[in-house]
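Q: give me a model of this one.
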Amino acid sequence: MKKMILLALAVVASASFCTIDAKKKKKVAEEAVVAVPVELKSSSDSVSYAAGMSITNGLMAYLKQQHGIDSAQMNIFLKAFEEVIKSGESPEAKARVAGVEIASQVRGRMLPGISGEFTDTPDSIEADLFYRGFTDALKQDTTHFKQSAAESYFREKQEADKKAKEEKLYGPNRRAGEEFLKENATKDSVITTATGLQYKVLVKGEGKVPQMTDKVQVNYEGRLVDGTVFDASAKHGDKPAEFQPNQVIAGWTEALTMMPVGSKWQLYIPYRLAYGERATGNIKPYSMLIFDVELVGIVGDKAEEPAKAEPAKAKGKKTAKKGKK
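A: Next up, the predicted model:
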């Protein structure tokens, strides 16, 4: 009998809790969905109402994709929407809306972007302190930094950590190029210019030397220091490539404005005269490049045919200074 009474009490208690919970849920649901009935008394009323409905086309998909909001959170979204609409154009209302918008931008775009810059560096961005620095600056709290000092410190650390990251990722590539050029400069057939460009004359041409704005015709093949071919004119058709010397990397510009038509040179280009610190296709930052370049002709040049080119004879080691020709 005692067990039956306890069981009955448990059932009653459970039913009571379920009833209370159900009432709470019902109340919340009623508060969310109850709205003043709409009466459309004129054509203007109808077109206004229809316009409001029309501009929501695609909004649900946008909210889900951009904000992770679905139908389960729609009541909360609508409540916030109505609060903003009803608040009018008061400074307080504008400030609240602006705070929400800026917070969303800082959290969604700015913080991830800055955090990404410091990935794989000696430092990292801590979200809580990032937000605190943001709000303290707006409160003009200078306990740790003045605004200008914070900006200077951040820029210095940003630059230092960027260099540390690049050295970690690309230092070996840079050093391999520098070691190659150092050894290559000792070879008798290699000429080094004042800029650091190195070249070897494979075939000596006797034609005209291009000017900076001439359009030249060139056959070429480009390689990395490990011998990997990353580009060649033959990959782009059976005709020579055409461009102006002032439209290419600095190492090419210098070489093309020294080469007579009919020449074939092998260029050894330091990264500073190539793509520098940037990555381009299969070319890593700080890459020294090697090119075999044949200057076939100058577009539109009606000068006399150049003398037949002959293979260059081996000569002693030289250091060249670029001059105008």
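Q: any idea of the mean pLDDT in stretch 203-216?
A: Average pLDDT, stretch 203-216: 95.
Q: longest helix of this protein, counting residues only.
A: helix 147-184 (DSSP state H).
Q: quick one, phi/psi of residue 198?
A: The phi and psi values for residue 198, taken as degrees, to the nearest 10, are phi -120, psi 140.
Q: ugh, wrong one, residue 220
A: phi -150, psi 160.
Q: swap in residue 251?
A: Dihedral pair for residue 251: phi -60, psi -40, per degrees, to the nearest 10.
Q: tally of neighbours for it?
A: 26 (other CB atoms under 10 Å). Just so you know, the C-beta spots here come from the backbone N, C-alpha and C atoms, and that holds for glycine as well.
Q: can you map out the helices along the stretch 151-300 of the chain?
A: Along the stretch 151-300 of the chain, the stretches classed as helices by DSSP state H, counting those that start in this stretch are 250-256.
Q: all strands for it, in order.
A: Using DSSP state E, counting those that start in this stretch, the strands of the stretch 151-300 of the chain run over 191-192, 198-204, 216-224, 229-232, 241-243, 264-269, 289-298.
Q: could you dump these to CSV with mean neighbour count and distance to residue 67?
A: Putting the strands of the stretch 151-300 of the chain into CSV (neighbours: other CB atoms under 10 Å; distance: least, CB to CB, whole Å) gives the following:
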stretch, mean neighbour count, distance to residue 67
strand 191-192, 19, 59
strand 198-204, 19, 56
strand 216-224, 19, 45
strand 229-232, 15, 43
strand 241-243, 15, 48
strand 264-269, 23, 49
strand 289-298, 21, 46
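Q: re earlier: who does the longest helix of the chain touch, helix- and strand-wise?
A: Contacts defined by 3 or more CB pairs under 8 Å, 6 or more residues apart in numbering; DSSP states H and E place helix 147-184 against helix 111-117, helix 127-138, strand 264-269.
Q: that helix: how far from the chain's middle?
A: 18 Å (CA atoms, centre = their mean, to the nearest Å).
Q: what of stretch 293-302?
A: 37 Å.
Q: ok, residues contacting it?
A: 203, 205, 207-208, 210, 214-220, 240, 242, 252, 255-256, 259-267 (CB atoms under 8 Å, 6 or more residues apart in numbering).
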